[in-house]
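Enquirer: pasting the structure only:
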């Protein structure tokens, strides 16, 4: 890193702090894509663009350009396309899904959904995208389409739920987050798979064969009052009835299928109103033939940011050590060389996907993660 003179931080220095998000390695293991965020000095507006770099250690290069917000990049299974969210068409409306070829070509819009898209992921065969969407409230749509209503703004608000506002977001919409799929070839067959005026569905993921979707939902009588009553559900990829996969009571997140589709790994806490406990890594059979097992119960460590690879489970503990878990066996991983130090990073883990292993998405021995020590900037490793 170049040497710089030390001085007390000023407000002007904040313009030099750029963050990254959505770090993803291509399934063939050759490239890393991520979103880099910045603040414009003149307008004070925040923008982000996609950047790409080779895993061989080449210098990062900017992949998308313009004063808009490009974020949440996701590789197609064949590593030829990248799906991402962008508000480049209309900065006053929620971002839509765009597709861009990796080896040349312009980004093309895929969706025209009237709502906020919170996440996206490719189906294993690359034909569909799985989305979490919150549709725009009808009164908000009316303001978008009527200039007079737009100038008048929000006249009044009426809520019949406990949670009506959120830090960093403001007043919450009345619509809830639900599961959608969209056809990659045309983008015209956007299909909403779940719907309910009270319940949200979150953390949706494909099964390895693309036939099922796992997700988390709190379907208690009043989710706002009983916030810890999360459950794991599995549903057909084409929609229809979903079934609950029995697991201990408590908050849950990020469920993922094992490569053979027989197991689900998730992180969570057992118990209601017991947020003082460590997050633990759990596995349970999809068919409910055995109770869930807490794989990290013996360790007084908080677990987060994990995924199932082709033979095991990887977790990242909130320390400077990475552990590779094969059910109950843990092997300490060494810190690899840094790829880039150009930005301030936050801790994250993701595996490099194999070239020839199918239907597996992840490599058994390589991962990308971010490490930031107390006295220096972070780096991608």
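Expert: Noted; the coordinates are in hand. The structure presented is a predicted model; accordingly, all values stated were derived computationally and were not measured. Numbers count the residues shown, from 1 in each chain.

Enquirer: Contact partners for the residue nearest to residue 248 when sequence neighbours are not counted?
Expert: Among residues not flanking residue 248 along the chain, residue 270 sits closest, at 4.3 Å (CB to CB, 6 or more residues apart in numbering). Backbone N, C-alpha and C define where each C-beta goes, glycine included. Residues in contact with residue 270, defined by CB atoms under 8 Å, 6 or more residues apart in numbering, are 248, 249, 250, 277, 280, 294.

Enquirer: Name the residues that touch stretch 95-114?
Expert: Counting by CB under 8 Å, 6+ apart, 26, 31, 63-64, 69-71, 79-89, 94, 116-117, 120, 129, 131, 133, 135-136, 141, 180, 182, 184, 187, 190 sit against stretch 95-114.

Enquirer: Which positions within the longest helix along the chain qualify as buried?
Expert: The residue-count maximum for a helix in the chain (DSSP state H) belongs to helix 138-145. Burial within helix 138-145, assessed by neighbour count using 16 or more other CB atoms under 10 Å, is assigned to 140, 143.

Enquirer: Also stretch 171-184?
Expert: Applying 16+ other CB under 10 Å to stretch 171-184 flags 172, 173, 174, 175, 176, 177, 178, 179, 180, 181, 182, 184 as buried.

Enquirer: Looking at these, which are in helices?
Expert: Those of those lying in helices (DSSP H): none at all.

Enquirer: And these, which is closest to residue 160?
Expert: Ranked by distance to residue 160 (CB to CB), these are led by residue 174 at 8.9 Å.

Enquirer: how about the closest one, what does it touch?
Expert: 137, 159, 197.

Enquirer: how far away is it from residue 56?
Expert: The gap separating residue 174 from residue 56 is 49 Å, by CB to CB, to the nearest Å.

Enquirer: Just give the closest residue to the spatially most central residue of the chain, not the sequence neighbours.
Expert: Nearest to the mean C-alpha position of the chain, by CA atoms, centre = their mean, lies residue 119 at 5.8 Å. Using CB to CB, 6+ apart and skipping residues adjacent in sequence, the residue nearest residue 119 is residue 132, 4.6 Å away.

Enquirer: elements contacting the helix or strand containing the one you found?
Expert: Assigned by DSSP states H and E, residue 132 falls within strand 128-135. With contacts taken as 3 or more CB pairs under 8 Å, 6 or more residues apart in numbering; DSSP states H and E, strand 128-135 sits against strand 115-122, strand 177-183, strand 202-206.

Enquirer: residues in contact with that strand?
Expert: So strand 128-135 is contacted by 74, 83, 97, 110-111, 113-123, 173, 175-184, 192, 201-202, 204-206, 210, 213, 237 (CB under 8 Å, 6+ apart).

Enquirer: Ok, which of the helices and strands packed on strand 128-135 comes nearest residue 147?
Expert: Residue 147 sits nearest to strand 115-122 of all the helices and strands packed on strand 128-135, at 21.4 Å, using CB to CB.

Enquirer: need the helices for this structure, in chain order.
Expert: Assigned by DSSP H, the helices in the chain fall at 138-145, 147-152.

Enquirer: a markdown table for those, including distance to residue 299 and mean pLDDT?
Expert: Listed next are the helices of the chain as a markdown table, based on distance: least, CB to CB, whole Å; pLDDT from 0 to 100:
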| stretch | distance to residue 299 | mean pLDDT |
| --- | --- | --- |
| helix 138-145 | 46 | 88 |
| helix 147-152 | 54 | 88 |
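
Enquirer: Of these, give the one that comes closest to residue 257.
Expert: helix 138-145 (35.6 Å).
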